[in-house]
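Novice: fold the following.
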Amino acid sequence: MAWPHGVRSRDRRFHRPRDAPEPTGRRALRQAACSPTRGLSPGNSQVCARSRGQRFSQDPAQEHGKLALVGDWRLSLARVLADDDEENSRQRGGSSPAPAPLALWSWWTLGLLLIALLPRLIYLFAISNPENAGDGLYTDVYQHWQIAYLTKEIGLSHGLRLWDLKGVEYFWGSLHPIVLVILFFVTGSTDIVLARVQSLAFGSLGVVLIFHLCQRYWNVSVAVAATAFAAFAPTSVFNDSSGMLEPMAVSLSLLGIWLLSKRSLWAGIAWGLATAARPEAWLSSPGLVLASFCGRRPGADGSCCFSGL
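Specialist: Okay, here's the model as predicted:
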């Protein structure tokens, strides 16, 4: 390729193909000032670029008028700076700020709670037999209900302790029978349906927390998809309505994750309660506390989480 007379090799970087878009911002000023093919007019030939990163020298008229005259170009200083900022934002891959997360107590929460409760209540009272927990597939629900019933009738009168005929009252965790005993006293009934309603309520709370966590860390589209799956998946509906312990432990773990960014102490308490609901939480809760020490998310205090746990 033949270069015009007098153009040095270091000026070749300013050569632009014919079909390339027009440069903007400070890059346009730098290219126009250093390219000898632009043909600067005599009255505006005070613009020069000595090296990369140096300022352009301007005559007094340009300084007062806030215009940079380069050949036949008239670039506003405000436009130059705006274009340069826009170009830098594109290079950094910057995007618009994420929307603020929704409050936990909002109309969204109430609507999601009703959506999650509806299929579970329909399955419990319209499809399955409310008195047949587990539908004959497993009998663990009766074992958990028995611990709560014997604790109410016998254990509380023998030193405020749990009670079971098989001696496994502390094997699965103490939180589930304690909450169930409280329901027995509040309602005045010892029906096994209360155990199923309890797990159904905690399962619906877990669906709500899934929405809020996905909306906080991703977006509303992800939150809606994840919530729809958690609310209507047949296995979730069946398990949440069975009376088992897992819905309580999962919802408390999710609650701790939601509380971590603003209320670290309560997050640790929620994870500690999860360990009292299900033994597997002894593996997940310390790991979450360790992650709060190692993470750098604002508001997450690992020491408060450890104190709550």
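
Novice: name all residues that make contact with residue 193.
Specialist: Neighbour list for residue 193: 124, 130, 131 [criterion: CB atoms under 8 Å, 6 or more residues apart in numbering]. Where C-beta positions appear, they are placed from N, C-alpha and C, glycine not excepted.

Novice: adding pLDDT as columns, could you present these in JSON lines?
Specialist: Formatted as JSON lines, these follow (pLDDT from 0 to 100):
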{"residue": "124", "pLDDT": "93"}
{"residue": "130", "pLDDT": "90"}
{"residue": "131", "pLDDT": "88"}
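
Novice: list buried residues within those residues.
Specialist: Buried members of those, counted by 16 or more other CB atoms under 10 Å: residue 124.

Novice: from the contacts of residue 193, which is closest to residue 232?
Specialist: Sorting the contacts of residue 193 by distance to residue 232 puts residue 124 at the head of the list, at 15.1 Å, by CB to CB.

Novice: spell out the secondary structure type for that closest one.
Specialist: Put simply, residue 124 is helix when judged by DSSP: H, G, I helix; E, B strand; the rest coil.

Novice: elements contacting the host helix or strand of residue 113?
Specialist: Using DSSP states H and E, residue 113 sits in helix 107-122. Judged by 3 or more CB pairs under 8 Å, 6 or more residues apart in numbering; DSSP states H and E, helix 107-122 is in contact with helix 193-217, helix 220-232, helix 234-240.

Novice: which residues are in contact with that helix?
Specialist: The contact list for helix 107-122 (CB under 8 Å, 6+ apart) reads 102-103, 200, 203-205, 207-208, 211-212, 227, 230-232, 237, 240-241.

Novice: so the helix or strand following it versus helix 193-217, what angle?
Specialist: Counting by DSSP H and E, the next helix or strand C-terminal to helix 107-122 is helix 140-153. Counting by axes from the mean of the first three to the mean of the last three CA atoms, to 10 degrees, helix 140-153 lies at 110 degrees to helix 193-217.

Novice: now do the buried residues in helix 140-153.
Specialist: 141, 143, 144, 145, 146, 147, 148, 149, 150, 151, 152.

Novice: just for the stretch 1-150 of the chain, where's the confidence low?
Specialist: Within the stretch 1-150 of the chain, the stretches with pLDDT under 70 are 1-105.

Novice: and with 50 instead?
Specialist: Low-confidence segments of the stretch 1-150 of the chain (pLDDT under 50): 6-14, 36-81, 94-96.

Novice: specify which member of the contacts of residue 193 is nearest to residue 254.
Specialist: Nearest to residue 254, judged by CB to CB, of these is residue 124 at 22.0 Å.

Novice: show me what contacts that closest one?
Specialist: So residue 124 contacts 130, 193, 196, 197, 200, 241 (CB under 8 Å, 6+ apart).

Novice: can you check residue 222 too?
Specialist: By CB under 8 Å, 6+ apart, the contact set of residue 222 is 214, 215.

Novice: again, 10 Å this time
Specialist: By CB atoms under 10 Å, 6 or more residues apart in numbering, the contact set of residue 222 is 211, 213, 214, 215.

Novice: and residue 254, that one's in a helix?
Specialist: Yes: under three-state DSSP, residue 254 falls within a helix.

Novice: now do the same for it: its pLDDT.
Specialist: Residue 254 carries a pLDDT value of 94.

Novice: could you count how many residues lie near the closest residue to it other than its chain neighbours?
Specialist: Closest residue to residue 254 apart from its sequence neighbours, by CB to CB, 6 or more residues apart in numbering: residue 209 at 4.0 Å. Residue 209 has 24 neighbours, counted by other CB atoms under 10 Å.

Novice: I'm done for today, thanks for sticking with me.
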